[in-house]
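Engineer: Just to be clear, the model below is a prediction. Sequence and coordinates:
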Amino acid sequence: MRPVLVSLGPWGYLALPVIFVVLYLLMLAWQWAEARWGEGKPLNVARAVLTALPAAVLTVLVFLLVNRFAPVEIKSWGTMLVLAFAAGTIWLAKWGDKRVIKPPEALDLALFCLIGAIIGARLIFVALDWDQYAQNPGHLLNVWEGGLSFHGGLLGAILAGLLFARLRSINFWALADEVCPGIAIGYAIARIGCFLNGCCHGHPCNLPWAMVFPHGEINDRPVHPTQLYAMAASLVIFAILVKLRGKFPRAGHLFGAYLALYSIQRYLLEMTRAGATGKLLLPWLTVGQLASVLIFLVVVVIMALTWRAKPAQEAPQTGGGKHGSGPRR
């Protein structure tokens, strides 16, 4: 396993041009994306030249900060979390319905949801494993070490999405439908971070693909690589959601389908999983399984009660807030 993806610094002065090139190309890519999505000025030679100045300033700052605190450890789990949100944002910006949310708004939504998800995920995880954190209160805020609950993160992200939709006058359920495939692909990437970090693994087993996680809760025996099971299952869910887009009778049903599919996935995978959510409430039911059953039942009931409704694709399309006179879809 590799909890620390890479250690940065200390650097010599020969690293300055390398840092500059990397940052400069990233800034140019960002400007190109803004222009491509119609929210920024076209990228031309003049803009490219002017971008060199802030890139140079940022290069010096990064060089000084890294050398001041070197070696700076870049955690695998945190890196994969950032990549997960980036993948979900790119999906929404590139393939989301532009009548619901415009590409530049996708980044704003991602920032809202990232903050809400981290807060909710950490609160629920700490609550489920309070005995451990009560003895080590200094680790309460160490989210870069792992220790986030997906159910808590999903709740936090939903609340953040509700706030965003209200501020931008967007129909929340239509927005949720556009976002959920990105959630599935992001979840798959985040589980790679769990695998590298050695957390969220399974119970001991003797299967040929069983693995030992030195930093995990069971660090001396081969266990199920439950993180990889979850990653594969989430990719399957992503493919199903893409196939089902536009086939439900009402906005919010695709998001409901995601919650139902995830609940089935989580219920089954909890049979192999160790850790806080794998603790037994009853001899046949873990904490994670109980949450999955409740979510599944609520989603199925709501979808059944709202099935006879106006098709989602025929919903009003007018812009809202600063974008128009009424709420968007």
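Structural biologist: Yep, it's here.

Engineer: use CA for all of it now, contacts and neighbours both
Structural biologist: OK.

Engineer: for the stretch 201-329 of the chain, what spans make up the strands?
Structural biologist: 280-282, 285-286 (DSSP state E, counting those that start in this stretch).

Engineer: Buried deepest among these, which one?
Structural biologist: Comparing the strands of the stretch 201-329 of the chain by mean neighbour count (mean count of other C-alpha atoms under 10 Å), strand 285-286 ranks first with a mean of 18.

Engineer: Off-centre distance for that strand?
Structural biologist: The chain centre lies 25 Å from the centre of strand 285-286; the measure is C-alpha atoms, centre = their mean, to the nearest Å.

Engineer: Which among the strands of the stretch 201-329 of the chain is found nearest to Val22?
Structural biologist: strand 285-286 (46.0 Å; C-alpha to C-alpha).

Engineer: ok, back up a step: which of the strands of the stretch 201-329 of the chain comes out lowest on mean pLDDT?
Structural biologist: Per-stretch mean pLDDT for the strands of the stretch 201-329 of the chain is lowest at strand 280-282 (a mean of 69).

Engineer: and Tyr258, what does it touch?
Structural biologist: 180-181, 237, 241 (C-alpha atoms under 8 Å, 6 or more residues apart in numbering).

Engineer: In the residues you listed, find the pair that's most separated.
Structural biologist: Taking C-alpha to C-alpha, no two of the contacts of Tyr258 sit farther apart than Cys180 and Ile237, at 10.0 Å.

Engineer: Could I have the buried ones of the contacts of Tyr258 as PyMOL selection syntax?
Structural biologist: Buried members of these, defined by 16 or more other C-alpha atoms under 10 Å, are picked up in PyMOL with:
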select buried, resi 180+181+237+241
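
Engineer: what residue ranges in the stretch 101-250 of the chain score low on pLDDT?
Structural biologist: Counting by pLDDT under 70, the stretch 101-250 of the chain shows low-confidence ranges at 130-131, 133-134, 136-147.

Engineer: quick one, helices of it?
Structural biologist: In the stretch 101-250 of the chain, the segments counted as helices under DSSP state H, counting those that start in this stretch are 103-128, 130-135, 150-168, 172-197, 226-244.

Engineer: Out of those, which is closest to Arg266?
Structural biologist: Nearest of the helices of the stretch 101-250 of the chain (C-alpha to C-alpha): helix 226-244, 7.9 Å.

Engineer: Tell me the buried residues in the closest one?
Structural biologist: Buried residues in helix 226-244, counted by 16+ other C-alpha under 10 Å: 226-231, 233-235, 237-238, 241.

Engineer: Out of the residues you listed, which comes closest to Phe195?
Structural biologist: The shortest gap between Phe195 and any of those belongs to Gln227, at 5.6 Å (C-alpha to C-alpha).

Engineer: Distance-wise, check that closest one relative to Asp129.
Structural biologist: 19 Å (C-alpha to C-alpha, to the nearest Å).

Engineer: Same check on Leu196?
Structural biologist: Taking C-alpha to C-alpha, one finds Leu196 at 21 Å from Asp129.

Engineer: Look at these two and report which has more neighbours.
Structural biologist: When Leu196 and Asp129 are compared for neighbours, Leu196 comes out ahead with 20 against 15, by other C-alpha atoms under 10 Å.

Engineer: Could you double-check that that one lies in contact with Ser76?
Structural biologist: Yes: counting by C-alpha atoms under 8 Å, Ser76 is a contact partner of Leu196 at 6.3 Å.
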